[in-house]
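Enquirer: One predicted model, sequence on top.
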Amino acid sequence: MSRKLRAAVAQLGPIHRADSRTSVVKRLIALLREAHGQGARFVVFPELALTTFFPRWWMTDQEEIDRYFEREMPNAETRPLFDLAREFGIGFYLGYAELTAEHGQTRHYNTSILVAPDGRIVGHYRKIHLPGHSEHLPNAPFQHLEKRYFDVGNEGFRVWRMLDAVIGMCICNDRRWPETYRVMGLQGVEIVALGYNTPTENIHHPEPLHLRMFHHILSLQANAYQNAAWVLAAAKAGAEDGFGLIGGSAIVAPTGEIAAQALSEGDELVSATLDLDLGDYLKRTVFAFEKHRRIEHYGLITSRTGAVTEV
Ligand code: ING
């Protein structure tokens, strides 16, 4: 009898700079109620799910920047979400901006947490692949200042056992890097949960609009299959103060097939029943890591950062 888990990704539509955390938490709670109504026991919310995607704005006043960060979790605004999830017995992934102190130093992280059905925070992840830039780009239509506002995550890619599954976390740009999933795959991950905020326009280089969604879905499908894991990806979508973010929240099976996908760019719940043993045959055959991987040939992956052509 295979293990089944009813899960959902809760896509959020735009959060404008003027929107309060209280109003956003009301939207998260509405999605949580809908997930409960569909029998979901695990819900994935987006990256930076409590505020607008503030890295699009050039700011120099640290107090203004820090207003987008949470100093504790749960806190007064998010406690109602934690309480209702515990009442429903639902575990969830939540992305937010974390302001903390480490060894006497203030640290700013793009963070996600894994909350168990009893309300305990059992996992904590800090975004490692920070995209964008750190200096002001005056000619760009908007900024992407994650390298300026966040410190690089310092906790690696880990997995936790929850809801009778092995669950790992990553955030947005992490999903484009195969190393993200393989490190979790080598820990037996069965569900990779992630949130994302992906601008509709690529400010780094002009590219056809359709490639934004194509590259997003490609990254999910390829890495789900290559690590025989479910990938649950929740977008913050729509036009935030006029700046577009793609939707495309999706539940991707270990076979690489899309099990469910959002149709809108608003608040939308997408759910599916995950067969947690669906990937087992892949882990026993084509992706039996212990049989087929040849790590003696992979050294450059961790010894070399940028590509070097020596021929
Ligand atoms: N957003 C984008 C993403 O990886 C990005 C960053 C923009 C990547 C343009 C590539 C091109 O989906 C975040 N928040 O990482």
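Expert: Nice, thanks for sending it over. Residues are numbered from 1 along each chain as shown.
Enquirer: Can you tell me the closest non-neighbouring residue to Leu31?
Expert: In this structure, Leu31 finds its nearest non-sequential neighbour in Ala10, 3.9 Å apart by CB to CB, 6 or more residues apart in numbering. For every residue, glycine as well, the C-beta is placed using N, CA and C.
Enquirer: so how many other residues sit close to the one you found?
Expert: Applying other CB atoms under 10 Å, we find 30 residues neighbouring Ala10.
Enquirer: hey, what's it bridged with?
Expert: Leu269 (DSSP bridges).
Enquirer: list the contacts for it?
Expert: By CB atoms under 8 Å, 6 or more residues apart in numbering, the contact list for Ala10 reads 28, 31-32, 35, 43-46, 234, 249, 267-269.
Enquirer: let's see it at 6 Å
Expert: Applying CB atoms under 6 Å, 6 or more residues apart in numbering, we find Ala10 in contact with Leu31, Val43, Phe45, Ala234, Leu269.
Enquirer: Please apply the same query to Ala35.
Expert: Ala35 makes contacts with Ala8, Val43, Leu269, as judged by CB under 6 Å, 6+ apart.
Enquirer: That one: which element?
Expert: Here Ala35 sits within helix 21-37, counting by DSSP states H and E.
Enquirer: One more: Tyr225?
Expert: Per DSSP H and E, Tyr225 falls inside helix 210-226.
Enquirer: Which residues does stretch 144-164 contact?
Expert: By CB under 6 Å, 6+ apart, stretch 144-164 touches 3, 5, 41-42, 55, 65, 91, 107-110, 114, 116, 122-123, 126-128, 130-134, 166-168, 180, 183-184, 187, 189.
Enquirer: circling back: can you give me the buried ones in the helix holding Tyr225?
Expert: Arg212, His215, His216, Ile217, Ser219, Leu220, Gln221, Asn223, Ala224, Tyr225, Gln226 (16 or more other CB atoms under 10 Å).
Enquirer: shouldn't the third one be in contact with Ala250?
Expert: No: under the criterion of CB atoms under 6 Å, His216 is not in contact with Ala250, lying 8.4 Å apart.
Enquirer: Direction included, what does whatever helix or strand comes next after the helix holding Ala35 pair up with?
Expert: Remark: after helix 21-37, the chain's next helix or strand is strand 42-44, criterion DSSP H and E. Strand 42-44 has the following sheet partners, assigned by DSSP bridges: strand 4-11 (parallel), strand 91-102 (parallel).
Enquirer: which parts of this structure sit against the ligand?
Expert: Within the chain, the residues that sit near the ligand (CB under 6 Å from any ligand atom) are Pro131, Cys172, Asn173, Arg176, Tyr196, Asn197, Thr198, Pro199, Asn202, His204.
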